[in-house]
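S.K.: Sequence and predicted structure, then a few things I'm wondering about:
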Amino acid sequence: MLEDRDKDLYRRARDRVTAQRSFFIHLIIYLLVNAMLFILNAATRDPDDGWWFYWPLIGWGIGILSHAFSVFGAFGLFNRDWEEKQVEKMVRKERERQDKP
């Protein structure tokens, strides 16, 4: 039987893997849909008209970047590991404060 600490670690690891899987599914859909929009734009474009496929590419791309930062963190800053370290640090300080006479 898993201890409470092990259960918590397992749950957090599972949540992180689920978030990563969700991001990669989102990324695959983004790539497929935008490839189809490019093909559609190229196939139906009048030579005098401009390209339009890049507008959804840019807009949705901002969403993809936001999703990536929420899952993987901004280059390791402010990710879940950082949050956990900050929580542990605050708990340690609070314990030290309570232990003082």
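M.R.: Right, received. Where do you want to start?
S.K.: The helix or strand containing Leu9 packs against which elements?
M.R.: Assigning secondary structure by DSSP states H and E places Leu9 in helix 4-44. When contacts are defined as 3 or more Cβ pairs under 8 Å, 6 or more residues apart in numbering; DSSP states H and E, helix 4-44 packs onto helix 54-72, helix 80-99. To be clear about C-beta, it is placed using only N, CA and C from the backbone, and glycine gets the same treatment.
S.K.: Swap in 6 Å and give it another go.
M.R.: helix 54-72 (3 or more Cβ pairs under 6 Å, 6 or more residues apart in numbering; DSSP states H and E).
S.K.: what angle separates the helix it packs on from helix 4-44?
M.R.: 170 degrees (axes from the mean of the first three to the mean of the last three Cα atoms, to 10 degrees).
S.K.: now helix 54-72: how far from the chain's centre is it?
M.R.: Helix 54-72 sits 10 Å away from the centroid of its parent chain (Cα atoms, centre = their mean, to the nearest Å).
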